[in-house]
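# next input, structure requested:
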Amino acid sequence: ADALCLRTGPSPVDGFRDDRSEQGVLGLVGPLARGEDGLTLEQHLQRAAMVLQQAQTESVAASKNAWQIVEAAKALEQSGDTARAAEFYRMSLQLHPWNLEAQLRYGLALRTLGQPEKAREPFELVKRHAETDDWHNAARKALGEAPLKPAARWEGSEQGPYLLLVRIGKVPEVVLQETVEKLEARLGLPARVYEEMLVPPQASRSAFDRWMEHQVIASIQWQHPGARGLLAQLGVSRPQQAPKNELLAALIRALESEGDQERAQGMRAAAEHHRKWDAQWEAGTMCDLAPRLLTEQKVKLGEAIIVGVTTCDLYSADSNYLFGTASTGQRRCVVSLQRYTAEFNGEPPDRARLVSRLHKQLLSSIGFALNVPRPTDPTSARAYPGSLQEHDAKSEYMSAECLAGFEQALGRKLPAAARKPSGL
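Numbers count the residues shown, from 1 in each chain. From the prediction side, this is the model:
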């Protein structure tokens, strides 16, 4: 959320009520508790006014501060001025329309003001784009719909080959459900979710430490007099001897003292990103986690292809990260959706994009689990991506050689939906 400047605060589910009272929490989302942020209504309004003034000349900078207007709108709701709060939500969304909390609260305010039809538009937007269960179900609740029904769970009665998806850590149910539907349509196989969610083991590597060692330290010529002087200030002779946080702070200060504010800010932002997404897990260990547990529990799997799905960031050996991995030909694989999310990449939320990214990786990893070779067609869903951009450039369909490989491995023809429509 920080990467999108979304100040979401508590889960939107907190404060839900079944009644439709428009007082206090507006029936759905609880406003900021009185005095919780230490600011008065007038102070919130002053901050919002500064952002609106900034927007007259610096719209990019103002969009990053639009959350201040959202906070002012919350404070107005607290005071009982719903009409003015709605106007502030509207102004915040003009600067930063992808703040899903502001969209939802704007809709609730409109409904309170007697505009239910106009309120449906932001509710539907949040429902359609939210990448988390909290915000998706918050929108469903606002629309008067029941909470999302979970994807079909495994009951141990599947005949023939099937996909058994095992969650390793919390995985958004809405993403899982839509991914399961797409997999079943493309492969013609039942896809079931194992009821038990596995707890990930302890993380095995620090992304921040690796970034410091392989990108920051490795990029500096430490024999330069200035670099040697910096090390001397830290009381070490080699950069590897210095505490990484102290070394980073010293490097940023050195850049700032040289007037290179842009590089200093870039280094600071990169450090913040790697600290936020610091934990990484060894992919092979994660790939074996579900099969090992199921074996220990003596679960009768039949012809299952075990697919681990996780939000844990994966890596292998000296790689920076992996989207997924498989034990080739052993009917087991694991994929991570962390690097596909809007929050990780600083993108607007888009669940369809997230599901598409995950779907393509699942086809690739499941294929390797069935010993289907990598294709040569760069547009195939299973083509090797050198980056997220290349992953996005692929279609959701497999090449003819991939289709033939799946059919041979499964001993059956794939459905017509697996084949790329003409013209794509």
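# wouldn't F208 be in contact with K244 here?
Yes - counting by CB atoms under 8 Å, K244 is a contact partner of F208 at 7.3 Å. Every residue, glycine included, has its C-beta placed from N, CA and C.
# more crowded one of these two?
Each of F208 and K244 has its neighbours counted (other CB atoms under 10 Å); F208 has more, 22 against 18.
# and the more buried one, what pLDDT?
pLDDT recorded at F208 is 97.
# tell me the contacts of it?
Contact partners of F208, counting by CB atoms under 8 Å, 6 or more residues apart in numbering, are K244, A271, H274, R275, D278.
# now with 6 Å?
H274, R275, D278 (CB atoms under 6 Å, 6 or more residues apart in numbering).
# out of these, grab the one that's most surrounded.
Ranked by neighbours (other CB under 10 Å), those are led by H274, which has 18 neighbours.
# now do that one against N137, distance only.
Separation of H274 from N137 (CB to CB, to the nearest Å) stands at 31 Å.
# same check, this time on M212
Going from M212 to N137 by CB to CB gives 39 Å.
# and W98, by the same measure?
According to CB to CB, W98 and N137 sit 19 Å apart.
# and the two? Which one has more around it.
Applying other CB under 10 Å to W98 and N137 shows that N137 carries more neighbours, namely 22 against 18.
# quick one: buried residues of the longest helix seen in the chain?
In the chain, taking DSSP state H as the definition, the longest helix is helix 351-369. Using 16 or more other CB atoms under 10 Å as the test for burial, helix 351-369 gives 351, 353-369.
# so what does that helix touch, helix or strand wise?
On a contact count with 3 or more CB pairs under 6 Å, 6 or more residues apart in numbering; DSSP states H and E, helix 351-369 meets helix 173-187, strand 324-327, strand 332-336.
# okay, these, which one's buried deepest?
Most buried of the helices and strands packed on helix 351-369, by mean neighbour count (mean count of other CB atoms under 10 Å): strand 332-336, with a mean of 28.
# now do the buried residues in the following helix or strand past it.
Per DSSP states H and E, the first helix or strand lying C-terminal to strand 332-336 is helix 342-345. By 16+ other CB under 10 Å, the buried positions in helix 342-345 come out as A342, E343, F344.
# mind listing the strands for the stretch 151-300 of the chain?
For the stretch 151-300 of the chain, the strands defined by DSSP state E, counting those that start in this stretch occupy 161-168, 191-193, 205-206, 279-282.
# partner strands of the last one, with direction?
Spelled out, that is strand 279-282. According to DSSP bridges, strand 279-282 has the following sheet partners: strand 205-206 (antiparallel), strand 314-315 (parallel).
# who wins for proximity to R331 among those strands?
Smallest distance to R331 across the strands paired with strand 279-282 (CB to CB): 19.0 Å, for strand 314-315.
# which residues sit against that closest one?
Q280, W281, A283, Y321, L322, S336.
# count of neighbours near the third one?
Spelled out, that is A283. By the criterion of other CB under 10 Å, A283 has 27 neighbours.
# tell me the contacts of V171?
V171 makes contact with V309 under the criterion CB under 6 Å, 6+ apart.
# hmm, back to that, identify the contacts common to F208 and K244.
Shared contacts of F208 and K244 (CB under 6 Å, 6+ apart): none.
# so what's the nearest residue to L95 once chain neighbours are set aside up against?
Once flanking residues are discounted, L95 sits nearest to A66: 4.1 Å by CB to CB, 6 or more residues apart in numbering. Applying CB under 6 Å, 6+ apart to A66 gives the contacts S92, L95, H96.
# please work out how many residues are found near the last one.
The tally of other residues near H96 (other CB under 10 Å) stands at 20.
# show me the shaky parts of the stretch 1-150 of the chain.
Within the stretch 1-150 of the chain, the segments meeting pLDDT under 70 span 1-37.
# could you work out the end-to-end span of stretch 395-402 for me?
End-to-end distance for stretch 395-402, by CA to CA, to the nearest Å: 13 Å.
# apologies, that question was intended for stretch 186-204.
Its first and final residues considered, stretch 186-204 spans 35 Å by CA to CA.
# now stretch 55-68
End-to-end distance of stretch 55-68: 13 Å, with CA to CA as the criterion.
# what of stretch 47-62?
Stretch 47-62 stretches 12 Å from its first residue to its last (CA to CA).
# quick check: most distant residue from the centroid of the chain.
Going by CA atoms, centre = their mean, the residue of the chain most distant from its centre is P225, 42.8 Å out.
# any idea of the pLDDT on that residue?
P225 carries a pLDDT score of 92 in this model.
# V60 should be in a helix, yeah?
Yes - counting by DSSP: H, G, I helix; E, B strand; the rest coil, V60 is found in a helix.
# which of the residues in stretch 38-46 are buried?
Within stretch 38-46, the residues that count as buried by 16+ other CB under 10 Å are L39, H44, L45.
# does the last one sit in a helix or strand, and which one?
Per DSSP H and E, L45 falls inside helix 41-54.
# likewise the first one?
In this assignment (DSSP H and E), L39 forms part of neither any helix nor any strand.
# can you start the count at 54 instead of 1 from here on
With 54 as the first residue, the last one maps to L92.
# ok, back up a step: can you list contacts of the longest helix of the chain?
Counting by CB under 6 Å, 6+ apart, 182, 184, 228, 231-232, 235, 358, 376-377, 379, 381, 384-386, 388, 390, 393, 434-435, 447, 449 sit against helix 404-422.
# what average pLDDT does it get?
The pLDDT scores in helix 404-422 average 98.
# show me the contacts for the residue nearest to the spatial centre of the chain.
Of all residues in the chain, the one closest to the mean position by CA atoms, centre = their mean is T394, 2.6 Å from it. Applying CB under 6 Å, 6+ apart, we find T394 in contact with E184.
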